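Asker: how does the following fold in three dimensions:
(chains A and B)
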Amino acid sequence: MKKYIIFAMALALSACATKKQDMYQWGSYDGLLYEAYKDPSKVEDLRVKLEAQIAATESAKQKVAPGLYAELGTIYLQIGAKEKALAYYKLERSTWPESQTLMTSMIANIERRPTKEEVKQ
Amino acid sequence: MKKLSSILFALALTGCATQNITKKDFTAFQTAAPRSILIVPAVNHSLDVDAPNYVLSALPIPLAEKGYYVFPVNTTKVVLEQEGLYEGDLVQQQNPQALAKLFGADAILYVTINRWDAQYAVIATTVTVDFDYRMVSKDGVEIFKENKKLQYSPQNNGAGSPLAKLITAAINAAVARSKPNYMPLTRMANNDVFVTGKNPIPDGPYKLNETN
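Answerer: Sure, this is the predicted structure:
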């Protein structure tokens, strides 16, 4: 009987399974972003896990979900890692043509900024 | 015991049943045929200053899975802040055509948080989220509008979909603590509006390509 109930429960829970979200691998992007907003010290956790998720998706030869490259690029930009930010913005642009306007202006913005070395001089 | 399992079976069967509902008119949406959606920070009418950020984090996945290119929400937020637009109110006052052009977006999604609160009582605590969703094309035409209110109270499961009742277990523990977790309800509201509900938006170009 117990088995029946568990089965019924599973069925009830999966009743909408055909509509399940499975086009992209998100990892726990939404949850991590939420945590990072709640506690800014978790941004590093978001960066590490997002990067791992992207690497895993790439090695599985799947298309990285819309926005993920750019989000990672922005985290890098905010910690001053310009080259990494540029690389991820370029990946977003080449993966998703819809992002071209935004990514091109982000990239141009970075390239206009002086590097740390130039500032020191 | 037998009763319980038959209830659950019935639940499973009706879980996704479409009721007699009036279909929304998607003519304007289909005319605009957006490929990309820009999600901007939400307008907040609740007392929780963090609510817009939390809502923002729960929006991209359902829309992207629906087949649209969704602009990176945090990157968007950072760009808008650089323009001096820190609050959702300010963003929503901007000309949508200009905003869409700045990002190269086909459509903009505006969300207003009407309610995001927990009412504490001795017997039951009720958590409520209430959102307005409004999508505007890059030409400034409104192409989608919806309101979603979801309530959860552990002692009163009368309201909400069958799925909502089953998800309550996840929320239950959170409600018991002093700071309730609104995210399960928020995710469910977004999913209802864009994916699983009565009048979800049409599938986007990436979804269509997939099924072809």
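Asker: in chain A, what residue is nearest chain B?
Answerer: With Cβ to the nearest Cβ, the shortest gap between chain A and chain B falls at residue A:101, namely 2.5 Å. Where C-beta positions appear, they are placed from N, C-alpha and C, glycine not excepted.
Asker: the nearest residue in space to that residue that is not next to it in sequence: neighbouring residues, count only.
Answerer: Counting by Cβ to Cβ, 6 or more residues apart in numbering or on different chains, residue A:101 lies nearest to residue B:104, which is 2.5 Å off, once chain neighbours are set aside. Number of residues near residue B:104 (other Cβ atoms under 10 Å in any protein chain shown) recorded here: 19.
Asker: what does residue B:110 give?
Answerer: Using other Cβ under 10 Å, residue B:110 is surrounded by 21 other residues.
Asker: quick one: the helix or strand where it lies near chain A?
Answerer: Element membership for residue B:110, per DSSP states H and E: strand B:107-119. No. Judged by Cβ under 8 Å from any Cβ of the partner chain, strand B:107-119 makes no contact with chain A; its nearest approach is 10.9 Å.
Asker: that strand pairs with which strands?
Answerer: strand B:36-39 (parallel), strand B:43-44 (parallel), strand B:126-137 (antiparallel) (DSSP bridges).
Asker: just the CA atoms of the longest one, as CSV, please.
Answerer: What follows is the C-alpha trace of strand B:126-137 in CSV, where atoms were taken according to Å, rounded to 0.1, in the frame of the first residue of the first chain:
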residue,chain,number,x,y,z
THR,B,126,0.0,33.3,5.3
VAL,B,127,2.6,34.2,2.7
THR,B,128,1.4,36.2,-0.2
VAL,B,129,3.0,37.2,-3.5
ASP,B,130,1.2,39.3,-6.1
PHE,B,131,2.8,40.4,-9.3
ASP,B,132,1.8,42.4,-12.4
TYR,B,133,3.5,41.4,-15.6
ARG,B,134,3.6,43.6,-18.6
MET,B,135,5.5,43.1,-21.9
VAL,B,136,6.1,45.9,-24.4
SER,B,137,7.5,45.5,-27.9
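Asker: so which bits of the strand holding residue B:110 are buried?
Answerer: Across strand B:107-119, burial judged by 16 or more other Cβ atoms under 10 Å in any protein chain shown covers B:107, B:108, B:109, B:110, B:111, B:112, B:113, B:114, B:115, B:116, B:117, B:118.
Asker: chain center to stretch B:38-46, what's the gap?
Answerer: Remark: stretch B:38-46 is offset 11 Å from the chain centroid, using Cα atoms, centre = their mean, to the nearest Å.
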